[in-house]
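Student: using only what follows, build the 3D model:
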Amino acid sequence: MAKTVLLVQPNPELFATLSGILADVAADMQVIAVSSGPDAEMAHANTDSVDLLITEVYLEGVDGLTMLYNFRQRLPHCPVIVVTSYDLREYQPYLEGVAQFTPPLDMQTLSAMVVDALGAVEGQVWPPYKVGKYVGRDRWGDCYEAFDQGVKRKVFVSVLRAGASAEEITAFQELAASMARAGHPNVTAVFVAGEHKGRYFFAREFWQARTLQSYLDVGQHVDPRLAARLIHTVTTVLAFWESHQYHHSEVTAEDITIADNGVIKLLNCVDPRLSELPSPTATLNHLAESLERILPPSGGLPQRLIDLLALMKQPDVVLSDVGRQAQILDTELAPKREVVVSKETKIAKQAIEVEKKRKRTAMFLSIGGFILLVLAFFAWMAFSFLYEAPSKDFKKMLHIPAGSFVYQEGEGKTGSYYIDEYEVTIGQYLRFLRAIEKAGSSEAFDHRSQKSKNKDHTPKDWETIIESIRQGVAYNGQKITLDSPVFNVDWYDAQAYAKWAGKRLPTEQEWEKAGRGSKGNIYPWGNGFDPKKANTGSDMVPKRPADSGKNDGYYGVSPVDALTGDLSPYGVRDMAGNVSEWTDTIEPKALYGVEDAAIVRGGNYLISKPEDLELSRRIKNQLPESRSPWIGFRCVSDKPPLEK
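Tutor: As a prediction, the model looks like this:
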């Protein structure tokens, strides 16, 4: 729709200049141009909708200030620019919030303000961004949708107002830089700050999700597990900001967002202009009160959640205590999936049990019993085959030479080592568990920092996983086999397996070198993202397996040798996708400022954003005791495989 501009200017020279600016901004706008007081008065009275008023206030025959006041009362949202040759200093109380220009005109600023008012930024290219539709005002300026033509992704662009002072520009740039440095997986990201023809802007993540406040406004309930995840996410981010001394405004329900796929993020409210960090106590108090309003009645809540909400309202609440309790609660409330056993299988099992009871004695005294025994033996052999090593050999290790390489944004250096070509599979881990069972203890393989002796290294939900493989049915919607990567293992499980296998976990430097090569690829195969090369979340539709896998062919994990495109320069597989991987590296006090985190590297089948799949990304929000369906591991060795 064409924009409407009301231009009131009796000075012929200024009239020509302003008309030229409008013509340069947009050719299809409607300009209502008048030069006298009475004509201006008539135009004001007869115009119901105006997108921009450019006016003089000294007009012969009318009171220009009164006319302007009446116009602003009638159309309060219409931008106004006053262009005059007169001194208006004594009239400033009447012109509050109005942009004012006097000759000689600052053409660049005036043009920019006209562009802003008319939304004419839309369609412009501010390299590398093509600016899209105007969204509205955000807390930083005017917000537009945009498309990053370099990495091919949608972003939001926040633009500082035209005519900002040097101090405002500096503050805007420092704000953007601080928000970018305060990046976290659960905080909306700020990418790049820039300037285009005198307009200052920064690009941020294209994130569209409901706020917690919107749940409160309509009284929509949340389930206990979502409440636990919200608490854990908020405490994790607050602890991260606190440990790095990133000053920020208090986090409110308007700043906590929940996407349709369940991902929780905080809006980036880091602000270096604030003199001190806010106390987390107020945020935790308000969060507890908000959740209590939209949780089901307390009679149906887990006692641990009730206790946690009470803890959050204590005046001396400790952030790390809340975070740890929320993580434990989240794990406890995670859904336990049961394997669906077919009707035929149930009937067969019942028949076998009846037959066993009826012929338990006779089967050993008759030829028929002998035959049944032989058949049972072969059935057992076939059945137990599932518990043996996978059908394929995944023992191969690849040599990574010593030397320098691109590490993060700088340079790293490693010695020579060997790394597993593939992620450790369910079948390989099964052999490890059988070895522990035979030995009667895992103590010989337990890591020195493990708190409990002879820890149970059985992955979470292991019986269901193995039964799914036996029956050939889906586990949580995904088809898994013994050749799938093992998951639901914690850092201590991975360490114990590696020691049993005569290997160790890679440091994160060794892991990154094996994935990026010596030249520092962004992805294993190069620097451009290709969703068909790796098993990622780019094509995953939660809870809808049939609609997923259009890019990589899988919903959930895939066999470790399934996708040949996810191949590093050294030949290592599945470093951008399938499951993320534990490394040997521990980062002290990375969680809540007090808890040590075990560093996880690599993408996985849940991650969809290309920037989150880059091999330089460090995941440092996992306790060593965490067991997750998206984390597995691989091993390294300092010696060639045949020498071990």
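
Student: need the phi and psi values for residue 150.
Tutor: Residue 150 adopts backbone torsions of phi -80, psi -60, taken as degrees, to the nearest 10.

Student: show me where pLDDT drops low in this protein?
Tutor: Filtered on pLDDT under 70, the chain yields the residue ranges 1-2, 26-28, 77, 119-120, 163, 298, 336-392, 591-594, 643-644.

Student: which one's the longest helix in it?
Tutor: Ranked by number of residues, the top helix in the chain under DSSP state H is helix 224-243.

Student: gap between that one and the chain center?
Tutor: Helix 224-243 has its C-alpha centroid displaced from the chain centroid by 14 Å (Cα atoms, centre = their mean, to the nearest Å).

Student: can you point out the buried residues in that helix?
Tutor: 224-242 (16 or more other Cβ atoms under 10 Å). Heads up, the C-betas are built off the backbone N, CA and C, glycines and all.

Student: same question, stretch 264-277
Tutor: 264-272.

Student: name whatever forms a beta bridge with residue 159.
Tutor: Assessed by DSSP bridges, residue 159 has beta-bridge partners residue 142, residue 201.

Student: from memory it sits against residue 138, does it?
Tutor: No: proximity of residue 159 to residue 138 does not meet the contact threshold set by Cβ atoms under 8 Å, at 9.8 Å.

Student: who has more neighbours, these two?
Tutor: residue 159 (24 against 13; other Cβ atoms under 10 Å).

Student: can you give me every residue that contacts that one?
Tutor: By Cβ atoms under 8 Å, 6 or more residues apart in numbering, residue 159 lies in contact with 116, 121, 141-144, 199-201.

Student: redo that, cut-off 7 Å
Tutor: Residue 159 is in contact with 121, 141-142, 144, 199, 201, counting by Cβ atoms under 7 Å, 6 or more residues apart in numbering.

Student: can you map out the helices along the stretch 151-300 of the chain?
Tutor: 166-181, 212-218, 224-243, 280-294 (DSSP state H, counting those that start in this stretch).

Student: out of those helices, nearest to residue 335?
Tutor: Proximity to residue 335, assessed across the helices of the stretch 151-300 of the chain by Cβ to Cβ, is greatest for helix 224-243 (8.2 Å).

Student: the closest one - contacts with which helices or strands?
Tutor: Applying 3 or more Cβ pairs under 7 Å, 6 or more residues apart in numbering; DSSP states H and E, we find helix 224-243 packed against strand 264-266, helix 280-294, helix 303-312, helix 319-333.

Student: contact partners of the third one?
Tutor: Read it as helix 303-312. 224, 227-228, 231, 284-285, 287-288, 291-292, 298, 317, 321-322, 325-326, 329, 332.

Student: just the buried residues of it, please?
Tutor: Within helix 303-312, the residues that qualify as buried are 304-305, 308-309, 311-312, counting by 16+ other Cβ under 10 Å.

Student: what number of residues lie near residue 597?
Tutor: Using other Cβ under 10 Å, residue 597 is surrounded by 22 other residues.

Student: next, the angle from the helix or strand encompassing it to helix 319-333.
Tutor: Residue 597 is part of strand 595-601, with elements assigned from DSSP states H and E. Calculated by axes from the mean of the first three to the mean of the last three Cα atoms, to 10 degrees, strand 595-601 forms an angle of 50 degrees with helix 319-333.

Student: look up how far residue 583 lies from the spatially closest residue to residue 7 that is not a sequence neighbour.
Tutor: Of all residues not flanking residue 7 in the chain, residue 33 sits nearest, at 4.5 Å (Cβ to Cβ, 6 or more residues apart in numbering). Residue 33 is 68 Å from residue 583, where distance means Cβ to Cβ, to the nearest Å.

Student: just residue 108 next, same as before
Tutor: Separation of residue 108 from residue 583 (Cβ to Cβ): 52 Å.

Student: neighbour count: those two, which is higher?
Tutor: Using other Cβ under 10 Å, the more surrounded residue of residue 108 and residue 583 is residue 583, with 26 against 13.

Student: got a list of what that one touches?
Tutor: Counted by Cβ under 7 Å, 6+ apart, residue 583 has contacts 505-508, 511, 599-601.
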